[in-house]
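In: coords please:
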Amino acid sequence: MATMQDVANLANVSLATVSFTINNSKPVSPKTRAKVEAAMKDLDYRRNAVGSALARGRTHVLALLYPALQHRFSPTSIQFFTSAADQARLRGYNLVLWPMSNDAEGVTELTSSGLVDGVVLMEVQLDDPRVGELSKSNVPFALIGRTRDTTGIPFVDVDFEAAVENAVDRLVQLGHTDLVLIDGGIGNQLLGGYGPVARTRKAFGEVTTQRGLTGSIMSGLHSSAGGRELARELAAKHPRTTGVLMMNEHAGPGFVAGLQQAGYRIPQDISILALASSLDTTGMSEPEMAVLISPADELGRLGVDILINQLEKKDQPLPQVLIGCSYSPGATMSKAPDRAVGS
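Out: From the prediction side, this is the model:
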């Protein structure tokens with residue numbers, strides 16, 4: 001295998017000149033560059049892309065950190081990945097998915113390796129040790145999500161508070177006054193203090209109280225079987241409930257099927273509105289669930305833009321952006337019945 005010294009010997013230039021040509025680290029005359037490139041071609045020389053990037057001090061690689069051990073992938077999370085990767089490529093960077101646990105140790109190893117120029121962090125906790133570690137490093141970062149204290153931290157996130165208020169008001173307008181919020185806040189896949197769950201629960205409690213509604217919270221496993229179990233639990237413990245806010249993507253289709261097996265007609269007996277989900281997921285149920293669609297594509301793009309802007313325009317203020325959800329009616333919303341099933 002040819003080396004840089006072989007290229008230098010054939011081109012009759014110094015080893016440093018070959019390095020400058022390959023890495024574009026110093027000016028090289030067109031004539032000399034042509035000689036070096038011709039020698040590289042003749043020798044079939046393949047440069048070490050990682051080594052060259054490290055020599056320049058920039059790899060143009062961004063890491064998207066995702067705690068895959070604690071949080072299952074979903075169609076919505078895949079939208080985050082693909083939109084972020086597309087935007088990185090458009091701006092001349094490569095984005096790699098970096099699965100790791102949600103502790104600080106893995107972040108330290110990554111940021112000290114020199115392999116990445118910056119980090120996008122997903123599935124953020126209210127008090128996230130990874131954010132503290134990133135803040136202490138010299139590696140730029142951006143969050144898709146937000147911590148409890150957002151001072152000086154760049155982020156883009158779903159406006160969960162507005163989404164909950166929107167969902168509750170849509171159900172109230174149809175006459176529903178007894179509501180249940182279903183999330184995935186149990187099991188070993190739950191991130192401690194997971195931001196979306198904590199914010200949604202808090203907003204649900206506040207909004208139902210302000211509007212004088214009956215509001216309950218149920219949590220289940222992130223699976224179709226978990227959804228069926230949730231349906232049985234709702235039928236047994238909340239027979240007067242006529243409106244459901246579903247914030248557990250993997251459980252949604254099983255929940256709809258389980259309610260129908262329990263004798264509910266959807267939407268005549270009970271209305272269901274999915275929160276911060278995707279049409280791919282809600283389309284798996286029959287009937288198709290109404291949904292406040294997560295702005296996943298926009299979040300992925302903006303998260304990458306916020307990070308790259310730090311790398312290329314360091315004097316800009318760090319943005320903090322909340323984005324709302326858009327509504328798709330599906331076929332699971334209707335006027336509240338006179339009496340709930342089983343009451």
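
In: Just the residues contacting the helix or strand harbouring residue 311, thanks.
Out: Using DSSP states H and E, the element containing residue 311 is helix 296-312. By CB atoms under 8 Å, 6 or more residues apart in numbering, the residues outside helix 296-312 that reach it are 62, 76-77, 79-88, 91, 93, 95, 117-120, 140-144, 154-158, 278, 316, 318-319, 321, 323. Any C-beta I mention is one placed from the backbone N, CA and C, and that applies to glycine too.

In: and if you look at stretch 143-152?
Out: 80, 120-128, 131, 135, 153-157, 195-196, 299-300, 303, 318, 320.

In: from memory residue 98 sits against residue 65, does it?
Out: Yes - the criterion here is CB atoms under 8 Å, and residue 98 meets it with residue 65 at 5.2 Å.

In: between those two, who's got more neighbours?
Out: residue 65 (25 against 19; other CB atoms under 10 Å).

In: And that one, how far from residue 169?
Out: 35 Å (CB to CB, to the nearest Å).

In: next one: residue 115
Out: Taken as CB to CB, the span from residue 115 to residue 169 is 47 Å.

In: Check residue 336 too.
Out: 14 Å.

In: Same question for residue 103.
Out: Using CB to CB, one gets 39 Å for the distance from residue 103 to residue 169.

In: now do residue 154
Out: 31 Å.

In: More neighbours: those two, which one.
Out: residue 154 (21 against 12).

In: so what's that one closest to, chain neighbours aside?
Out: residue 318 (4.0 Å; CB to CB, 6 or more residues apart in numbering).

In: next one: residue 321
Out: Nearest one to residue 321, counting by CB to CB, 6+ apart, is residue 156 at 4.5 Å.

In: That neighbour: which element?
Out: Counting by DSSP H and E, residue 156 is found in strand 155-158.

In: what does that strand contact?
Out: The contact list for strand 155-158, computed with CB under 8 Å, 6+ apart, reads 124, 142-147, 195-196, 276, 294-295, 299, 302-303, 306, 319-325.

In: Narrow these to those that are buried.
Out: 124, 142-147, 195-196, 276, 294-295, 299, 302-303, 306, 320, 323, 325 (16 or more other CB atoms under 10 Å).

In: Okay, and which of the residues you listed map to strands?
Out: 142, 143, 144, 276, 320, 323 (DSSP state E).

In: Touching, the last one and residue 163? I think so.
Out: Meaning residue 323. No - assessed by CB under 8 Å, residue 323 is found out of contact with residue 163, at 10.0 Å.

In: any chance you could map the helices in the stretch 201-343 of the chain?
Out: Secondary structure of the stretch 201-343 of the chain (DSSP state H, counting those that start in this stretch): helices located at 224-237, 252-261, 279-282, 296-312.

In: circling back: shared neighbours, residue 98 and residue 65?
Out: residue 110.

In: Residue 170 - how many residues pack around it?
Out: For residue 170, using other CB under 10 Å, the count is 19.

In: Next: residue 194.
Out: 24.

In: With adjacent residues omitted, what lies nearest to it?
Out: residue 125 (5.8 Å).

In: is it true that the one you found touches residue 196?
Out: No - the criterion here is CB under 8 Å, and residue 125 misses it with residue 196 at 10.0 Å.

In: any shared contact partners between these two?
Out: By CB under 8 Å, 6+ apart, no residue touches both residue 125 and residue 196.

In: What residues does residue 292 make contact with?
Out: Residue 292 touches 163, 166, 167, 273, 274, 275, 276, 277, 325, 326, 327, counting by CB under 8 Å, 6+ apart.

In: Could you identify which of these has the most neighbours?
Out: In these, the most neighbours by other CB under 10 Å go to residue 274, 32 neighbours.

In: Across the sheet, point out what pairs with that one.
Out: residue 246, residue 291 (DSSP bridges).

In: Was I right to think it contacts residue 282?
Out: Yes - between residue 274 and residue 282 there is a contact under CB under 8 Å: 5.1 Å.

In: Need the residues touching each of the two.
Out: 252, 289, 290, 291.

In: out of those, what pair is the most spread apart?
Out: 252 and 290 (11.2 Å; CB to CB).

In: Which residues are in contact with each of the two?
Out: With CB under 8 Å, 6+ apart as the test, residue 252 and residue 290 both reach 274, 282.

In: coming back round to it: how much space is there between the residue nearest to residue 154 and residue 147?
Out: From residue 318 to residue 147 the distance is 13 Å (CB to CB).

In: Mind listing the shared neighbours of those two?
Out: By CB under 8 Å, 6+ apart, the residues touching both residue 318 and residue 147 are residue 153.

In: All set now, cheers.
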